[in-house]
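Engineer: below: sequence and its predicted model.
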Amino acid sequence: MSQQQNRTPNSSQVSQDKAGKTTLVREVVNTGLKSREFYRLYILGLLILYCGLFYYFGEIVGFFHWEALRWEFFYGVHDIHRLLFLAPILYTAYAFGMRATIIITIISVNIMLPRALFLSPYPDPMARMLITVTIEGMLGYLTARNRRETERRRRLEVILRSERDKLSGILERMEDGVAIIGPDYRIRYMNPSLARDFGKGTGAHCYQLLHQLDAPCPQVCKLPDVINGATEEWEYNFPDGRIYEVLTSPFVDTDGTVCQLAVYRNITRRQKAEPQRLNVGHPESNRYPPTSSDRP
Amino acid sequence: MDFEWILGLILFGILHWVLAIMLLQDLVNRDRVLGGHKAPWFLIIVFVTFVGSLLYLLCHPKIFYDSDRR
């Protein structure tokens, strides 16, 4: 008895169900009307309908005896009329994609087929229809392919931009200076940290900007070795007292040129603090404060 | 039956099966279909030539939306 009562929905449940269904239908309709795809599909349907009606307009005029509309154009060879189907095919290719284009091309053939089989009094209607549709289908296919390629490139560009932003964000926020120096000793890139320490100098010669020299640094310059594949590490004392630890490695730039990627770490405070710590005899004297605090 | 008729029928058959296979592929991959059962749609697509395919397309227009994704 209790089971039977459970099975029988009461009036409040029924009204809830109806309200739920109404809400669902309303939601579906609202979502459909707001979506771009719905309008695209609607336009496609209209295009197919108009093309179909235009293709058989002569027969429609004959059926309804609309004598005023009995123009010779609707009873001639239908090659021009068939070209109209290019509109829905190309629209599908542009708006939907490859598979939809194939489907619409097949639907177009199916719409044209009755005229070719039963109605056309002109010679070779099937061959003419097939040639037209093949050309239209090919154009649609190429358009869809082009669209897909464009979409793919757009997506790749977004990914690339995001990766580039991430990388440039890292380079801009890191405390160490980073520079890319070409084989002609010109600075191709320097991050804001290095620009803060030495001034902006992209495009300038590295020996001019970093060392105020007129020629490549004698003896200490490792650029030729790095370009040949070596990874180097050394310390450099600048005339103003700053000491930098320099790490360099080869880097292939976007134009294919092998350059030097150099990381400049300011170790002035660490170097100055080292003898004092050793003197104190602190057991952790070889531990240095983070280099971010080394900046003068 | 002349040659053009035979050609027409062969063409019609090829087109029907190309369209039907594409729609059946969609039917198999689809989680929900109108009516809840896939078997009737299978029969309609295969046996009601062209009209069945059109009916399926009209009832499941989502096949157009993700045309490039699958």
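Structural biologist: Sure thing, it's come through.
Engineer: how far out from the middle of the chain is stretch A:104-113?
Structural biologist: Distance, stretch centre to chain centre, for stretch A:104-113: 35 Å (Cα atoms, centre = their mean, to the nearest Å).
Engineer: please see if that stretch touches chain B.
Structural biologist: Yes - contact of stretch A:104-113 with chain B (Cβ under 8 Å from any Cβ of the partner chain) involves A:106-107, A:109-110, A:113. From N, CA and C alone the C-beta is placed, and that goes for glycine too.
Engineer: by neighbour count, which of these wins?
Structural biologist: Counting neighbours by other Cβ atoms under 10 Å in any protein chain shown, the top entry in the residues of stretch A:104-113 next to chain B is residue A:109, with 25 neighbours.
Engineer: that older thread, just give me the closest of the residues of stretch A:104-113 next to chain B to residue A:74.
Structural biologist: residue A:113 (18.6 Å; Cβ to Cβ).
Engineer: ok, now which ones touch the residue nearest to the closest one when sequence neighbours are not counted?
Structural biologist: Distance criterion Cβ to Cβ, 6 or more residues apart in numbering or on different chains; nearest residue to residue A:113, sequence neighbours excluded, is residue B:12 at 6.2 Å. Counting by Cβ atoms under 8 Å, 6 or more residues apart in numbering or on different chains, residue B:12 touches A:110, A:113, B:49.
Engineer: so residue A:182 sits against residue A:189, correct?
Structural biologist: No - Residue A:182 lies out of contact with residue A:189 (Cβ atoms under 8 Å); the separation is 9.8 Å.
Engineer: with neighbour numbers in mind, choose between the two.
Structural biologist: Under the neighbour definition other Cβ under 10 Å, residue A:182 and residue A:189 were set side by side, and residue A:182 has more, 20 against 17.
Engineer: and the more buried one, how close does it get to residue A:211?
Structural biologist: As judged by Cβ to Cβ, to the nearest Å, residue A:182 and residue A:211 stand 17 Å apart.
Engineer: can you list the domains in chain A?
Structural biologist: Following automatic domain parsing, one finds the domains of chain A at A:20-165, A:175-266.
Engineer: with mean pLDDT added, can I get those domains in CSV?
Structural biologist: Formatted as CSV, these follow (pLDDT from 0 to 100):
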stretch, mean pLDDT
domain A:20-165, 86
domain A:175-266, 88
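Engineer: any idea which of the ones you listed gets closest to residue B:26?
Structural biologist: domain A:20-165 (8.7 Å).
Engineer: what about that closest one, distance to the chain center?
Structural biologist: With Cα atoms, centre = their mean as the basis, domain A:20-165 stands 28 Å off its chain's centre.
Engineer: what do you get for stretch B:19-30?
Structural biologist: Offset of stretch B:19-30 from its chain centre (Cα atoms, centre = their mean): 7 Å.
Engineer: got a list of what the closest residue to residue A:112 other than its chain neighbours touches?
Structural biologist: Using Cβ to Cβ, 6+ apart and skipping the chain neighbours, the partner closest in space to residue A:112 is residue A:129 (5.1 Å). For residue A:129, the contact set (Cβ under 8 Å, 6+ apart) comprises A:82, A:109, A:112-113, A:115-116.
Engineer: looking at those, which one is closest to residue A:246?
Structural biologist: Checking the contacts of residue A:129 against residue A:246 with Cβ to Cβ, the nearest one is residue A:109 at 70.8 Å.
Engineer: didn't the closest one look like it was pressed against residue B:14?
Structural biologist: No - in this structure, residue A:109 is not within contact of residue B:14 by Cβ under 8 Å, at 9.8 Å.
Engineer: how close does residue A:218 get to chain B?
Structural biologist: Distance, residue A:218 to chain B, by Cβ to the nearest Cβ, to the nearest Å: 61 Å.
Engineer: repeat for residue A:142
Structural biologist: Distance, residue A:142 to chain B, using Cβ to the nearest Cβ: 14 Å.
Engineer: you'd agree that residue is in a strand?
Structural biologist: No - per DSSP: H, G, I helix; E, B strand; the rest coil, residue A:142 lies outside any strand segment and is helix.
Engineer: how many neighbours does the residue nearest to it when sequence neighbours are not counted have?
Structural biologist: Take residue A:142 and drop its neighbours on the chain: the residue closest to it by Cβ to Cβ, 6+ apart is residue A:93, 8.0 Å away. Applying other Cβ under 10 Å, we find 27 residues neighbouring residue A:93.
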